[in-house]
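Chemist: What would the 3D arrangement of this be:
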Amino acid sequence: MECSSCKKASFTKAGTHILVPICKKSGQIPHALNRIAGTGGVKVQVRFKQPRLTNLIRLGLFSTALVFSSPGHQSAMAAEAIFDELRFGTSASINGGDGRESGIFPSATIFFDPLSSGGTATWQQSILEPRIYLGTSIGAGGGVDQIYGGFSWTADITDRFFVELGLGGTVHNGNLDSGARGPDLGCRLLFREQVAVGYRVTDNWRILATADHSSHANLCDGPNDGLSHAGLAIGYKF
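Modeler: Next up is the predicted model:
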């Protein structure tokens, strides 16, 4: 019998250990060797070669590398590494008198978390490790447009409810002291504060009631009507 695909087997004859091939399909020793093995009551012991541990480790590492190098996994990891939260909202002016703006104000805000040390933070760490945010608000009904940014701190009330405070600045395209309809703001660059009360619907999704105020705190000449809004937002935390 000829065999093109063989496994390793061995037998002992007259105290001599001999390694022979065995056919994978039939499990038989080729005829020529079988005649030798069958003489004198030879005991044949089959020893199939086992995969080495190092080969299994290499295969595992290779498979893991394939998973982590897949485009979908890389995209998810990249988004999580760069962004902490993406938030969309809408608000309306709560200024009084001539300083009130018309229309609604759609907004989009990106939160980053480069200062986080990871894990569960103490209240001291929460103060020293704020998130960084950058966003924009559009005056859809002729109101003031803003580009804003700053630092944000979050405190949990329960596992689901939380409060948020943000401090930073904003650049706007509103009136400075023209006397036109709407708020007169005095300076192009203003201080901006924002507060929110939120509820975690899931580990990723949250809804928030928001309010913000921007003014120059009388640090520059001119009027200081300020900008004040209140509204709702929905956020996705990566």
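
Chemist: what about residue 173, how many neighbours?
Modeler: Residues lying near residue 173 (other Cβ atoms under 10 Å) number 11. (C-beta placed from N, C-alpha, C; glycine too.)

Chemist: In contact with it, which residues?
Modeler: Applying Cβ atoms under 8 Å, 6 or more residues apart in numbering to residue 173 gives the contacts 144, 145.

Chemist: Got the phi and psi for it?
Modeler: Main-chain dihedrals, residue 173, degrees, to the nearest 10: phi -120, psi 20.

Chemist: Likewise for residue 210?
Modeler: phi -120, psi 160.

Chemist: Specify the beta-bridge partners of residue 151.
Modeler: Residue 151 forms beta bridges with residue 132, residue 167, as assigned by DSSP bridges.

Chemist: got it, and residue 90?
Modeler: residue 106, residue 232.

Chemist: likewise residue 236?
Modeler: With DSSP bridges as the rule, residue 236 is bridged to residue 86, residue 205.

Chemist: can I assume it is in contact with residue 204?
Modeler: Yes. Between residue 236 and residue 204 there is a contact under Cβ atoms under 8 Å: 5.7 Å.

Chemist: buried set for stretch 187-203?
Modeler: For stretch 187-203, burial by neighbour count (16 or more other Cβ atoms under 10 Å) applies to 187, 190, 191, 192, 194, 196, 198, 200.

Chemist: Checking my notes, the first one in a helix, right?
Modeler: In other words, residue 187. No. Assessed by DSSP: H, G, I helix; E, B strand; the rest coil, residue 187 does not belong to a helix; its assignment is coil.

Chemist: residue ranges with poor pLDDT in this protein?
Modeler: Low-confidence segments of the chain (pLDDT under 70): 1-81, 119-121, 179.

Chemist: hey, where'd the helices end up in it?
Modeler: Shown for the chain, the helices assigned by DSSP state H span residues 31-37, 53-68, 71-82, 123-128.

Chemist: Output the last one as CSV, restricted to C-alpha atoms.
Modeler: What it means is helix 123-128. Output of helix 123-128 as CSV, limited to C-alpha atoms (Å, rounded to 0.1, in the frame of the first residue of the first chain):
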residue,chain,number,x,y,z
TRP,A,123,-14.7,64.0,44.3
GLN,A,124,-11.3,65.5,44.6
GLN,A,125,-10.3,63.8,41.3
SER,A,126,-13.5,64.9,39.7
ILE,A,127,-12.6,68.6,40.5
LEU,A,128,-9.1,68.2,39.1
